[in-house]
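Student: Fold the following and give me the result.
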Amino acid sequence: MDVGLLIVVNAMWAAQYSAYKVATEKMGPITVGAWTFLMAGMVLLPFLLWERRSSSALPSSAAATSPLGHSKSLARRKNIIGFLAIGIGGLIPASAFLAWGVDRSTASNAALIYLTVPIITAVLASIIVDEKMTLVRWGSLGISVVGVLILSDFNWRHLELASGKFLLGNCLVLVACTCSAFYNVYSKELLRRFAPLEVLVYGYFLALMVSIPLLVWVEPLTAEAVRGYGMRVWVALLILSGLSWGLAMVLWMFLLKRLDVSQASVSIYLLPFLGVLISAVTLHEKITPTMILGGAVTLAGTILITTLDATSA
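Tutor: Have a look, this model is predicted:
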């Protein structure tokens, strides 16, 4: 059952790349993110309320603090800054840049490039929380960058790097990966005081609130534009919010309680295969030798950091 659920979770995550490609046909990246945060927050809210109800038997003093004794009040300045950090520095740009990048590249490339998240997370952890930056981590980062360059379809014969067909899109996806990695690292500090579902739901709704001024300024939302989305776009938004950013996260937390983190994390190797497969079926994207080579190199960097680095630690 656990193996089956891991496949389901990764399939839900892998579906987001094709969904972003479809959604950006009718709306800008910030609008896609705002809809995703709203709908994903609504999907996860019942799970949070259920969790709250199940823990209501605890004394009020225990319910107001984390297991480490830290205050969980959202009114505290430290908590507000923490959620603003993961919203402004993590969720909003991660969603916007991924949508923007997929629109200028391919969903298949995005699925392969997202294998760099564990590597970038390790690099940011060394900067933000002073974790040791090992040679394995530097090597993994270098290998993954080479994989992204191969995926960008450069004219290698004349080294015309700036003429890569998907260079801009792939760079935007890489920025999204960096923002996702920042979210992962900075969430560790909030998870000392809040439950995982609380971090997700509070983060989603705060990101939605911050996105509203951006929508008014950059991508004004009109009733006519919403009516023009069509069923195809609404299905893409439902996949993004209900599956990739919603139920997949609930199942992932359930699995983390049953399995070791290292066991569950290995399932990330399914992402490129499932992402490319879903993109080929739904968007009819072709699988080229360049994609296979670039994906293999990027995957090698991920395997390096999730095996050798874990062993050395």
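Student: In stretch 230-237, which residues are buried?
Tutor: Val233, Ala236, Leu237 (16 or more other C-beta atoms under 10 Å). Every C-beta, even on glycine, is put in place using the N, C-alpha and C of the backbone.
Student: Please apply the same query to stretch 21-28.
Tutor: For stretch 21-28, the neighbour count (16+ other C-beta under 10 Å) marks Lys21, Val22, Ala23, Thr24, Lys26, Met27, Gly28 as buried.
Student: Give me the pLDDT value at Ala63.
Tutor: Ala63 carries a pLDDT value of 46.
Student: swap in Trp100?
Tutor: Looking at Trp100, its pLDDT is 90.
Student: circling back: what's the closest of the buried residues of stretch 21-28 to Ser55?
Tutor: Ala23 (35.8 Å; C-beta to C-beta).
Student: Let me know the distance separating Ala176 from Leu255.
Tutor: 24 Å (C-beta to C-beta, to the nearest Å).
Student: Please identify which of these two sits among more neighbours.
Tutor: Ala176 (26 against 20; other C-beta atoms under 10 Å).
Student: doesn't Phe97 make contact with the more buried one?
Tutor: Yes - the criterion here is C-beta atoms under 8 Å, and Ala176 meets it with Phe97 at 3.8 Å.
Student: Glu25 belongs to a strand?
Tutor: No - per DSSP: H, G, I helix; E, B strand; the rest coil, Glu25 lies outside any strand segment and is coil.
Student: what's around Gly4, how many residues?
Tutor: Using other C-beta under 10 Å, the number of residues around Gly4 comes to 8.
Student: who's in contact with Gly275?
Tutor: Residues near Gly275 by C-beta atoms under 8 Å, 6 or more residues apart in numbering: Ala14, Tyr17, Ala107, Ser108, Ala110, Ala111, Leu112, Tyr114.
Student: Looking only at the helix or strand that it is a member of, what residues are buried by neighbour count?
Tutor: Assigned by DSSP states H and E, Gly275 belongs to helix 270-282. The neighbour-count check on helix 270-282 (16+ other C-beta under 10 Å) flags Leu270, Leu271, Pro272, Leu274, Gly275, Val276, Ile278, Ser279, Thr282 as buried.
Student: Restrict it to CA atoms and write it as PDB.
Tutor: Extracted C-alpha coordinates of helix 270-282, given in PDB (Å, rounded to 0.1, in the frame of the first residue of the first chain):
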ATOM      1  CA  LEU A 270       9.600   8.700 -10.300                       C
ATOM      2  CA  LEU A 271       9.000  12.400 -11.000                       C
ATOM      3  CA  PRO A 272      10.900  12.700 -14.300                       C
ATOM      4  CA  PHE A 273       9.400   9.500 -15.700                       C
ATOM      5  CA  LEU A 274       5.800  10.300 -14.700                       C
ATOM      6  CA  GLY A 275       6.200  14.000 -15.600                       C
ATOM      7  CA  VAL A 276       7.400  13.200 -19.100                       C
ATOM      8  CA  LEU A 277       4.900  10.500 -19.600                       C
ATOM      9  CA  ILE A 278       1.900  12.700 -18.600                       C
ATOM     10  CA  SER A 279       3.200  15.500 -20.800                       C
ATOM     11  CA  ALA A 280       3.500  13.100 -23.700                       C
ATOM     12  CA  VAL A 281       0.000  11.800 -23.200                       C
ATOM     13  CA  THR A 282      -1.800  15.000 -22.500                       C
END
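Student: going forward, begin numbering at 451 instead of 1
Tutor: Sure, I'll start counting at 451 from here, so that last one is helix 720-732.
Student: Distance from that helix to the middle of the chain?
Tutor: Offset of helix 720-732 from its chain centre (C-alpha atoms, centre = their mean, to the nearest Å): 16 Å.
Student: What is the distance between the host helix or strand of Val453 and the centre of its chain?
Tutor: Using DSSP H and E, Val453 sits in helix 452-473. Taking the mean of its C-alpha atoms, helix 452-473 sits 11 Å from the chain's own mean (C-alpha atoms, centre = their mean).
Student: nearest spatial neighbour of Leu622, skipping sequence neighbours?
Tutor: Of all residues beyond its chain neighbours, the one nearest Leu622 is Gly551 (3.2 Å), with distances taken as C-beta to C-beta, 6 or more residues apart in numbering.
Student: low-scoring stretches of the stretch 451-600 of the chain, by residue?
Tutor: Scanning the stretch 451-600 of the chain for pLDDT under 70 picks out 506-525, 579-584, 586-588, 590-591, 594-600.
Student: again, 80 this time
Tutor: Scanning the stretch 451-600 of the chain for pLDDT under 80 picks out 451-454, 456-457, 504-526, 562, 565-569, 571-573, 575-600.
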